[in-house]
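Engineer: Return a 3D structure for these sequence lines:
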Amino acid sequence: MKIRSLSLMLVTLATCSLHSEEIRISASDLLAEFIKAPLAAYGDENNITFDVESIGSLPALDNLRSDDIDLAILAVPEVDSRLRQDFTLYPFAYDVAVVVVNSSNPIDEITVGRLAGIYGANEEFNFNTWGDLGLSGWGSRNIKAVAAPAKGSISLELFKHAVFKGTAMKQNVTMIKDTEVEEQIITNPASIAITSGLPKSNKVKAIMISEQNGSPAFGPSEDNVHYGDYPIRLAFYVVFNKRDEAKLKPILRVLLGDDVATSLRENNLFALPDTIRRKLIIDLDLEN
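Structural biologist: From the prediction side, this is the model:
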């Protein structure tokens, strides 16, 4: 009798395993690795298997259009009307270029054009000293321009795309590891750096950026990035077929949850502001 009961239990377990739900996701290779662990943890508790493919955004969209996957997470520079017409979209995260200086530096904000004059080789302006930017008391200090993107980040490419009219950086821009950038800024107060995330030391500060002279400048906060006020960013969206909305609502709650947001932030990406994530989750619950 015991042997029969044990055999029945094993068969039941095997049957449950065979019938576990599978969710197929194609996610931008810029963030796919950062969502796998939270999804796997949720899947273990809810008998769901997640097949997460790390892929470029255009191939991911092709997979979605051909019904090879259930859900895509895409880098979307601009959302066109056709995409919204064909699919349901939810904002998800942002890749951002942050510009930092020493906290003793009197500069708090800068225009896109002036950043181009510091970093670009073929731009309208050419700034080599802090005095060229009108900083009182810093006139003779040469600007030490640094770029320190995190591994796997496209923050430097974002910076070039948003800031340069040409395509080339000055040859005197120093490339360093992102782990070394704060030490560089602290030991050389005349430095300025392009980074992938917010500074951790109180001796380093992120400066606000404006589109042009006379325009308001905005710092790289999650709110400013989400609402598009901070100008150097790339948005990611969760995208799926409208017909699958009921099936995917629980997965959306996970993707918009605290564990995924924490993972994104730990890997130099900007999550949605907490208030926005919570509102989206409440809206999902109200639609039930």
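Engineer: Only C-alpha atoms from now on, for both contacts and neighbour counts.
Structural biologist: Will do.
Engineer: average model confidence for the strand or helix carrying A193?
Structural biologist: Assessed by DSSP states H and E, A193 sits inside strand 191-195. Averaged over strand 191-195, pLDDT sits at 98.
Engineer: what helices or strands is it leaning on?
Structural biologist: strand 98-102, strand 144-148, helix 155-163, helix 181-187 (3 or more Cα pairs under 8 Å, 6 or more residues apart in numbering; DSSP states H and E).
Engineer: ok, now with 6 Å
Structural biologist: Using 3 or more Cα pairs under 6 Å, 6 or more residues apart in numbering; DSSP states H and E as the contact test, the elements touching strand 191-195 are strand 98-102, strand 144-148.
Engineer: Adding mean neighbour count, mean pLDDT and distance to A190, write these out as JSON lines.
Structural biologist: JSON lines is the format used below for the helices and strands packed on strand 191-195 (neighbours: other Cα atoms under 10 Å; pLDDT from 0 to 100; distance: least, Cα to Cα, whole Å):
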{"stretch": "strand 98-102", "mean neighbour count": "26", "mean pLDDT": "98", "distance to A190": "7"}
{"stretch": "strand 144-148", "mean neighbour count": "20", "mean pLDDT": "97", "distance to A190": "6"}
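Engineer: nearest to E182, of the ones you listed?
Structural biologist: Set against E182 and scored by Cα to Cα, those come closest in strand 98-102, at 8.7 Å.
Engineer: Next, count neighbours for L284.
Structural biologist: 16 (other Cα atoms under 10 Å).
Engineer: Can I get the helices and strands packed on strand 191-195 in TSV including distance to L255?
Structural biologist: Shown next, in TSV, are the helices and strands packed on strand 191-195 (distance: least, Cα to Cα, whole Å):
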stretch	distance to L255
strand 98-102	25
strand 144-148	29
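Engineer: sorry, back to before: paired strands for the strand holding A193, with orientation please.
Structural biologist: According to DSSP bridges, strand 191-195 forms sheet pairs with strand 98-102 (antiparallel), strand 144-148 (parallel).
Engineer: Which stretch among the helices and strands packed on strand 191-195 approaches A162 most closely?
Structural biologist: Closest approach to A162 among the helices and strands packed on strand 191-195 (Cα to Cα): strand 98-102, 12.2 Å.
Engineer: Let me know the pLDDT of S7.
Structural biologist: If you check S7, the pLDDT there is 48.
Engineer: With the one 10 residues further on instead?
Structural biologist: In this prediction, S17 carries a pLDDT score of 46.
Engineer: right, and the helix or strand after the lowest-mean-pLDDT helix or strand in the chain?
Structural biologist: In the chain, the helix or strand scored least confidently by mean pLDDT, DSSP states H and E is helix 2-18, which has a mean of 45. Next helix or strand after helix 2-18 toward the C-terminus (DSSP H and E): strand 21-28.
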